[in-house]
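A.B. asks: Quick one, fold the following:
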Amino acid sequence: MRRLVLDGHYGHRVEIDRCAPCHLVWFDGVESVRLAGTGMLGLLRDMADAQREAHIALKADAHCARCTSTLKTVHNQSRWGPTLQLECRAGHGSYQTFAQFLSEKGLIRRLGSADRARLAARAAGLSCLNCGAAIAGGEVRCSYCDSLPGMVDIARLASALDPEGATAAMRVHGIAPQHAALHCLACGSPLSTELTSTCSQCGTTLAVGELREAADALGTLEAALRAHARSPAPQVKARRLAALEADLPRRREWVRQMEAESAAAHPEASDRNLLDDLRERPWTVGAAALLALLAWTLWR
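C.D. replies: The predicted structure follows:
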C-alpha cells in the first residue's frame, strides 16, 4: 500500500492509501468527498500510473488495511447507478477498484456498440479503465480484473473538478488557455479543455477510453484551480456572497428564536446590562464572529 497526500477542500490535506498491483484505493471514511479538484486530478494521475503494473487479483481472505477484520461486499445505489465496495467489518474503511470509484462519482459511462467499434479501431485499441489491460473486441469484461469496459466522460469530470468555473478565471489570473492533445473519437477533430459536453464539430459526447488520456486532457485545469483557490474570480465571489446573503434571514430568525427561548428561561436577566447578558450567553458573540469570519473567507 502506498499513502497519497492530496489536496482537500478549505486548504486541508487528505490521506488516501492506494495498492497499485491490485488497482484498489482505500478510504478510511469520507475521504473521497473531501478531495478538492486538484486532489482529484492528482488521484486520477496516480491511478493512470498504477495501470502500468500487472494486475494482481485481491485474495478471497483479504483483510482490512487497518486491522485483521475480514471484508464484506457492500452494494450501494448512487445517483449514477449501482456500485459496490469491500468494507471492513469493524468499520475502519473500505476498498474500491479504480473503476468502481470513478463509476460511483458518475465519471464513467458504459460502452455502446459504436463506442466499442471506434475504440477498437484506434492504434491503442480498447483498454480496461480499471487495470489498463487490453480488451479484445469480443470480450464483455476484462479478462484480468473482471471490470466492465467503459469510457471517462470528460465534460462531467471537468465539471466535477471545477464546480465553480475556475477556468473562467484564467484571464483574471493571466493564465493562457491551453489545448490538450486529444481528438474526438468520432470525427477526429481536436478537443480543448473548455467545459463543453459535446464535440463542436460532430456533436458526439466527449469521452476518452483511458485514464491517462483523461488526466492529460484535464491537466491544463490545474493552474487555474490553484489560482482560483488563492483568489477566486470576482463573479465567483459575487455568487458566494449572494448565497450567504440569501441565508441571512434564516440565521437572523434562528438568533431571535434563541434569544426568546433564553429570555423565557431566565426572565430575571432581562433588565441586566448588555455586558452581563453577553457573559451569560457567549454563543451570541460566537455566532456573530462566525458569520463575520465566514463572510471574510468568502470574499478574500
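
A.B. asks: mind listing the strands for the stretch 101-250 of the chain?
C.D. replies: Ranges of strands within the stretch 101-250 of the chain are 108-110, 150-153, 182-183, 190-191, 207-208, based on DSSP state E, counting those that start in this stretch.

A.B. asks: average model confidence for the fourth one?
C.D. replies: Confidence over strand 190-191, taken as the mean pLDDT, stands at 62.

A.B. asks: Quick one: name whatever helix or strand follows the helix or strand containing Lys72.
C.D. replies: Element membership for Lys72, per DSSP states H and E: strand 71-78. Using DSSP H and E, the next helix or strand after strand 71-78 towards the C-terminus is strand 81-88.

A.B. asks: need the next SSE after that next one, C-terminal direction.
C.D. replies: Sequence-wise, the next helix or strand downstream of strand 81-88 (DSSP H and E) is strand 94-97.

A.B. asks: so how far is that following strand off the chain centroid?
C.D. replies: Averaged C-alpha coordinates place strand 94-97 at 16 Å from its chain's average position (CA atoms, centre = their mean, to the nearest Å).

A.B. asks: quick revisit: lowest mean pLDDT across the strands of the stretch 101-250 of the chain, which one is that?
C.D. replies: strand 182-183 (a mean of 56).

A.B. asks: where along this structure do the helices fall?
C.D. replies: Secondary structure of the chain (DSSP state H): helices located at 37-50, 98-104, 113-121, 154-161, 211-218, 221-230, 234-265, 274-280, 282-299.

A.B. asks: now stretch 225-245, how far from the centre of its chain.
C.D. replies: Computed by CA atoms, centre = their mean, the chain-centroid distance of stretch 225-245 equals 19 Å.

A.B. asks: got the buried residues for it?
C.D. replies: Neighbour-count burial for stretch 225-245 flags Leu225, Arg226, Ala227, His228, Ala229, Pro232, Ala233, Val236, Arg240 (criterion: 16 or more other CB atoms under 10 Å). Placement of C-beta: from N, CA and C, glycine included.

A.B. asks: export the residues you listed to JSON lines and tack on distance to Ser69 and pLDDT?
C.D. replies: Converted to JSON lines, the buried residues of stretch 225-245 look like this (distance: CB to CB, whole Å; pLDDT from 0 to 100):
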{"residue": "Leu225", "distance to Ser69": "37", "pLDDT": "80"}
{"residue": "Arg226", "distance to Ser69": "39", "pLDDT": "82"}
{"residue": "Ala227", "distance to Ser69": "44", "pLDDT": "79"}
{"residue": "His228", "distance to Ser69": "41", "pLDDT": "78"}
{"residue": "Ala229", "distance to Ser69": "38", "pLDDT": "79"}
{"residue": "Pro232", "distance to Ser69": "43", "pLDDT": "78"}
{"residue": "Ala233", "distance to Ser69": "47", "pLDDT": "74"}
{"residue": "Val236", "distance to Ser69": "44", "pLDDT": "79"}
{"residue": "Arg240", "distance to Ser69": "43", "pLDDT": "80"}
